[in-house]
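Asks: Quick one, what's the 3D model for this:
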Amino acid sequence: PGVLPVMNRTAFQLALKTAVALHCDIAAFTKWDRKNYYYPDLPKNYQISQYDLPFSRAGYLEIPAADGGTPKRVRITRVHLEEDAGKLLHSEHGGDSRVDLNRAGTPLLEIVSEPDMRSPAEAKAYLEELRLLLRYLEVSDCNMQEGSLRCDANVNIHLLRDGETVATPIVEVKNMNSFRAVERAMAYEAQRQFDDWRQTGNRLGDVPKATAGWDDAKGVTVVQRRKEDVSDYRYFPEPDLVPVVVGRDWVASVRGSLGELPAERRARLKADYALSDYDAGVLIDQSKAFADYFEEVVRTSGSAKMASNWLQQDVLRTLNERKIPIGRLPIPAASLGELIGMVNAGKLNTQSARQLFAGELARAEKPLEGAAVPICWKTEGLEQISDSDELRRTVARVLDANPQVIADYQKGKKREQVEGFARGLVMKETRGKANSSLVQQFVSEELARRAGA
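Replies: So this is what the prediction gives:
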């Protein structure tokens, strides 16, 4: 109170970066407006926002299709910059309410979409893709639990009645603290509106737009108030902030600084490394740093498929168990690539490589900090046995020592299980160092030969 507002240059630059990445048209001239209302979460009783001259309009974001087909384009109405309000904390039992004003007056980027989403699942996919983009741009960490990302969902349904499309009144659902909650709230609200329409017949325009809260514990929406019209806010130009002029050179500079965006990188990973839609999606959706790590592993190892498998299994499991980002993994990407390269070259089998990986993790008491130090993998005694003659002799020796395996095979028991058991005996005999593909081949051949004899 008592301090005049000043435009936050960094906030505007980040907002502009987001709008350009969302393919929006950037206005050469933009101003701010006062939106007047009385709520306890904004003590001065007005909010600095943008009304008729936002700095961007008419963009879009493409979301991956669930079946791997053509991405769906969701239109962006506008991206504008305003100030945040506080947060109301209501008692669960209807008692007192409290106000947290820590965020009041801080910059807030609002992204408004067109009604192009046709299901709660599509809305969730849109939010996930938007969050990924914002993280790639380093505009926000998008942690919903910390208030860095919030979502209001406007919901109504269209019904075909006697050849006419009937739209139900719109309800804006708030207070959702996860994407899963958004999905659940929209599904519940759609069903509630359908039930209400069958009872009342209310259509869009019959009643004012409503704002509802989402009770995640009960799984229900609760109408809180009827929404004001634009005229109720009495917008007028904000007198304490000067307009901003955005030149073409500025927009071109921002566009040139974006780098490769998530959708582009997802398509490139599929094309360059022959990855499936699922594999490319997992690698991209973790974080930009995770995808960077993957590409460095590929450069060192020479095998994109093996690198993808290792990251999705061993690396992700380690990150989840330790609750750390990829940047703090104590195995540098080049070192993991070298380890995978030895497997790819037949010098180690996967079991031995995983043993080395786990051993190095156990020795690293703390996550990696600062510059990554290459690891010298100590492979003595773990080298893969790929000598065909030696492996054939080992297979014969193991089967000689286990005649029951031959008997089970001859009796026609499930041969895949019998062969699998025999392979396990050979791997145990070689202490896990045998070339598994050769063992599989030689066990199958030897069992068939002996059964025929």
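Asks: With just CA atoms, put whichever strand or helix holds residue 79 into CSV.
Replies: Using DSSP states H and E, residue 79 sits in strand 72-83. Extracted C-alpha coordinates of strand 72-83, given in CSV (Å, rounded to 0.1, in the frame of the first residue of the first chain):
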residue,chain,number,x,y,z
LYS,A,72,-4.9,-31.9,-32.1
ARG,A,73,-4.6,-28.1,-32.3
VAL,A,74,-6.1,-26.1,-29.4
ARG,A,75,-6.5,-22.4,-30.2
ILE,A,76,-5.2,-19.8,-27.8
THR,A,77,-7.5,-16.8,-27.4
ARG,A,78,-4.9,-14.5,-25.7
VAL,A,79,-1.9,-14.5,-23.5
HIS,A,80,-1.8,-11.4,-21.2
LEU,A,81,0.1,-10.2,-18.1
GLU,A,82,-1.7,-9.1,-14.9
GLU,A,83,-1.1,-9.1,-11.2
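Asks: Given the very next helix or strand once past that strand, what are its sheet partners and their directions?
Replies: Using DSSP H and E, the helix or strand that follows strand 72-83 towards the C-terminus is strand 87-90. Strand 87-90 sits in its sheet next to strand 97-100 (antiparallel), going by DSSP bridges.
Asks: can you give me the mean pLDDT across the strand it pairs with?
Replies: What strand 97-100 shows for mean pLDDT is 85.
Asks: Need the residues that contact the helix or strand following it.
Replies: As assigned by DSSP H and E, the chain's next helix or strand after strand 97-100 is strand 107-113. With CB atoms under 8 Å, 6 or more residues apart in numbering as the contact definition, strand 107-113 has outside contacts at 8, 11, 14-15, 18, 22, 61, 74-84, 126, 130, 139-140. Just so you know, the C-beta spots here come from the backbone N, C-alpha and C atoms, and that holds for glycine as well.
Asks: now stretch 265-274
Replies: By CB under 8 Å, 6+ apart, the list of residues contacting stretch 265-274 from outside reads 64, 260, 275-277, 280-281, 283-284, 291, 298, 304-305, 308.
Asks: now stretch 59-72
Replies: Under CB under 8 Å, 6+ apart, the answer for stretch 59-72 is 19, 22-25, 73-76, 79, 113, 116, 121-122, 125-126, 129-130, 133, 263, 266, 277, 281.
Asks: Can you say which of those residues are buried?
Replies: Buried by 16 or more other CB atoms under 10 Å: 19, 22, 24, 74, 76, 79, 113, 116, 122, 125-126, 129-130, 133, 263, 266, 281, out of the contacts of stretch 59-72.
Asks: so of those residues, which ones are in strands?
Replies: Using DSSP state E, 74, 76, 79, 113 are the members of these that sit in strands.
Asks: So the third one versus residue 14, what's the distance?
Replies: Counting by CB to CB, to the nearest Å, the gap between residue 79 and residue 14 amounts to 11 Å.
Asks: just the last one next, same as before
Replies: In this structure, residue 113 and residue 14 are 19 Å apart, going by CB to CB.
Asks: that older thread, pipe the ones in strands among the buried ones among the contacts of stretch 59-72 into TSV and attach pLDDT and distance to residue 435 per row.
Replies: Formatted as TSV, those follow (pLDDT from 0 to 100; distance: CB to CB, whole Å):
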residue	pLDDT	distance to residue 435
74	93	50
76	94	54
79	94	56
113	94	54
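Asks: Take those and lay them out in CSV including distance to residue 396.
Replies: Below are these laid out as CSV (distance: CB to CB, whole Å):
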residue, distance to residue 396
74, 63
76, 68
79, 71
113, 67
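Asks: quick one: which of the residues you listed is nearest to residue 392?
Replies: Nearest to residue 392, judged by CB to CB, of those is residue 74 at 59.9 Å.
Asks: Now that closest one. Nearest residue, chain neighbours left out?
Replies: Spatial nearest neighbour of residue 74, excluding adjacent residues (CB to CB, 6 or more residues apart in numbering): residue 116 at 4.6 Å.
Asks: got the contact list for that neighbour?
Replies: By CB under 8 Å, 6+ apart, the contact set of residue 116 is 72-75.
Asks: Which of the residues you listed sits closest to residue 432?
Replies: Nearest to residue 432, judged by CB to CB, of the contacts of residue 116 is residue 72 at 47.1 Å.
Asks: pLDDT weak spots in the stretch 101-250 of the chain?
Replies: Scanning the stretch 101-250 of the chain for pLDDT under 70 picks out 226-231.
Asks: quick one, strands of it?
Replies: 107-113, 153-155, 158-161, 164-167, 171-174, 210-215, 220-226, 236-237, 244-245 (DSSP state E, counting those that start in this stretch).
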